[in-house]
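S.K.: quick check, what structure comes out for this input:
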Amino acid sequence: MKDTYVSDLQPNQIIVSDFLVQAKELRSKKAGGNYLALALSDKTGEVEAKIWDNVEQVEPTFARDDFVKVKGAVQLYQNRPQLTVHKLKRLEDREVDLADFFPRSARDPEEMWRELMEVVAAVEKAPLRALLEKILSKPEIAERLKLAPAAKSLHHAYLGGLLEHVLSLCRLTKLVVQNYRGIDADLVIAGVVLHDLGKIYELSYARSFAYTTEGQLLGHMILELEIVHKALAELPEFPRPLQTLLEHLIISHHGQYEFGSPKLPMFPEALLLHYMDDLDSKLQNMESLLKRDQASGVEWTRYSASLGRPLLDTQKFLSRSEPPPEEPGAQPESEPTDEVN
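M.R.: Sure, this is the predicted structure:
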C-alpha cells in the first residue's frame, strides 16, 4: 500500500510516495530555461506537479503512463494542492501494487452483474431478451463489461464505471416510463444496455485510461453495432424492423450532430435514451468534480471544460457563517441620499 495518497495531501507537507504519470509536458520558464509540468495520480485523484530543477537530466528518465516514486513539497496554488518535485525515480510495475492507482466503482462488479442479469431477464419482448442474453453470455464481453470505465475522463471514469452507468440508466428507465404513456420500456432497456457497449473495445484501461487504435479509428458506436450484428447472425428470426430501431437507438444516443451523433433521435424511446444518458453522465461528472475539490476550502470548483462552467459547492455555500442578527428593536442606519426636499 502507498504511503500517501492524493487525497491525503496537505499544505506544507513533505511527502515520499508513488504515483502514475497521467501527463507530462516540457514548458518554458518566463526567465528562461525549461520546467516539467506533470499530472500525477492514484486511485483517489490527481494532483498537478512541477519539476523546476535539473530538468534536462530528469526529463528523459520517465514517460507518461510510468509509475514514479516522488519526493516533494505540497503547496497551495489557487487554493488547491500542488506538488513541487525534488526527486523522481521511475518504478517497474512489479514494484507497485496496481490496486493503489486505478479508481474503481464503490460497488462490487459481480453484484452489479447479477443486477444486470435480473434486468435482462425481466425484458418481456422475447426477441430483445434473446439478443441481450446472447451478447452478454459471451465470456469476453462479460469480463470486459465488469471492468470497463464509461469514459476516459468525463463521467464514470473508473473501473466498473460503465456497468454502474448502465444500471443507473436501467433504474431511471423504470421510473421515467411510469410518467409517459406509450413508451416501450423493453426497447429503452435494450438501448440502455447496448448504447455504450462498444466502449469495452474503444477504451484501454490496463494502465491509464486511453483510446485503443480501434477506438480512435471507429468509435464506440461502430464497435457496438459490430457486436450487435454478430449476435443477430445467430438469431435469424429476429425481426428486421426491431433491428432498425435498435440501430437507431445506438447511433442517435448522443443527441446532437455536434456531439458525434450521426442521426438525431427520431422516436420517443430514442429521445428518452439520449436525455437520460446525458443527465446521468453530467450529474456523475459534477459529483466527481465537487468531490475532487472538496478539500480546497473554496465554494467554487475549477472551470470544467466538459461542462463549460465552474460548479458551486452548495454545502460550503450554505454553511457560511451568517451575519449576527440585529438586536430586537434596533433601527436601521439611515442611508445617504442625493435627494433634495
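
S.K.: contacting residues around residue 36?
M.R.: Listed by Cβ atoms under 8 Å, 6 or more residues apart in numbering, the contact set of residue 36 reads 24-27, 50-51, 55, 58-59, 85. Every residue, glycine included, has its C-beta placed from N, CA and C.

S.K.: give me the nearest residue to residue 271, chain neighbours excluded.
M.R.: Leaving aside its sequence neighbours, residue 271 sits nearest to residue 265 (Cβ to Cβ, 6 or more residues apart in numbering; 4.2 Å).

S.K.: buried subset of the contacts of residue 36?
M.R.: Buried by 16 or more other Cβ atoms under 10 Å: 24, 50-51, 59, 85, out of the contacts of residue 36.

S.K.: report all helices and strands that the lowest-mean-pLDDT helix or strand in the chain contacts.
M.R.: Across the helices and strands of the chain, mean pLDDT, DSSP states H and E gives its lowest value to strand 210-211, namely a mean of 79. Here strand 210-211 touches strand 203-204, going by 3 or more Cβ pairs under 8 Å, 6 or more residues apart in numbering; DSSP states H and E.

S.K.: now for the strand it packs on, which elements pack on it?
M.R.: strand 210-211.

S.K.: what packs against the helix or strand following the strand it packs on?
M.R.: Counting by DSSP states H and E, the next helix or strand C-terminal to strand 210-211 is helix 213-218. On a contact count with 3+ Cβ pairs under 8 Å, 6+ apart, helix 213-218 meets helix 199-202.

S.K.: relative to the whole chain's centre, how far out is the helix it packs on?
M.R.: Chain-centre distance of helix 199-202: 15 Å, with Cα atoms, centre = their mean, to the nearest Å.

S.K.: and stretch 211-229, by the same measure?
M.R.: Using Cα atoms, centre = their mean, the offset of stretch 211-229 from its chain centre is 19 Å.

S.K.: kindly report the same for stretch 118-132.
M.R.: The chain centre lies 28 Å from the centre of stretch 118-132; the measure is Cα atoms, centre = their mean.

S.K.: what's in contact with that stretch?
M.R.: Contacts for stretch 118-132 (Cβ under 8 Å, 6+ apart): 133, 136, 167, 170, 186-187, 189-190, 193-194, 228, 231-232, 235, 237-239, 242, 246.

S.K.: which of the residues you listed count as buried?
M.R.: Here, 16+ other Cβ under 10 Å leaves 136, 167, 170, 186-187, 189-190, 193-194, 228, 231-232, 238, 246 buried among the contacts of stretch 118-132.

S.K.: re earlier: so what strands line up beside the least confident helix or strand of the chain?
M.R.: Partners of strand 210-211 in the sheet, by DSSP bridges, are strand 203-204 (antiparallel).

S.K.: report all helices and strands that the strand or helix carrying residue 242 contacts.
M.R.: For residue 242, the element it lies in under DSSP H and E is helix 240-252. Applying 3+ Cβ pairs under 8 Å, 6+ apart, one finds that helix 240-252 contacts helix 126-136, helix 185-194, helix 220-232, helix 268-292.

S.K.: ok, of these, where does mean pLDDT dip lowest?
M.R.: Looking over the helices and strands packed on helix 240-252, mean pLDDT reaches its minimum on helix 268-292, with a mean of 91.

S.K.: which strands or helices does it pack on?
M.R.: helix 161-176, helix 185-194, helix 240-252.

S.K.: and it, how far from the chain's centre?
M.R.: How far helix 268-292 lies from its chain's middle: 10 Å, per Cα atoms, centre = their mean.

S.K.: cool, and stretch 198-207?
M.R.: From the chain centre to the centre of stretch 198-207 is a distance of 13 Å (Cα atoms, centre = their mean).

S.K.: doesn't residue 72 belong to a strand?
M.R.: Yes. Residue 72 forms part of a strand when assessed by DSSP: H, G, I helix; E, B strand; the rest coil.

S.K.: burial of it, as a residue count?
M.R.: The number of residues packed near residue 72 is 24, by other Cβ atoms under 10 Å.

S.K.: which of the helices or strands spans the nearest residue to it once chain neighbours are set aside?
M.R.: Closest residue to residue 72 apart from its sequence neighbours, by Cβ to Cβ, 6+ apart: residue 85 at 4.3 Å. Per DSSP H and E, residue 85 falls inside strand 80-91.

S.K.: which helices and strands sit right next to the lengthiest strand in the chain?
M.R.: Assignment by DSSP state E gives strand 14-28 as the longest strand of the chain. The elements that strand 14-28 packs onto, with contact taken as 3+ Cβ pairs under 8 Å, 6+ apart, are strand 34-42, strand 67-77.

S.K.: partners of the first one in the sheet?
M.R.: What it means is strand 34-42. The pairing partners recorded for strand 34-42 under DSSP bridges are strand 14-28 (antiparallel), strand 45-51 (antiparallel).

S.K.: next, the angle from the first one to strand 80-91.
M.R.: Think strand 14-28. Between strand 14-28 and strand 80-91, the angle comes out at 90 degrees (axes from the mean of the first three to the mean of the last three Cα atoms, to 10 degrees).

S.K.: also the shortest one?
M.R.: For strand 45-51 against strand 80-91, the angle between stretch directions is 80 degrees (the same axes, to 10 degrees).

S.K.: what's strand 45-51 in contact with?
M.R.: Applying Cβ under 8 Å, 6+ apart, the contact partners of strand 45-51 are 5-7, 9, 19, 22, 35-41, 58, 70, 72, 77, 80-85, 88, 292.
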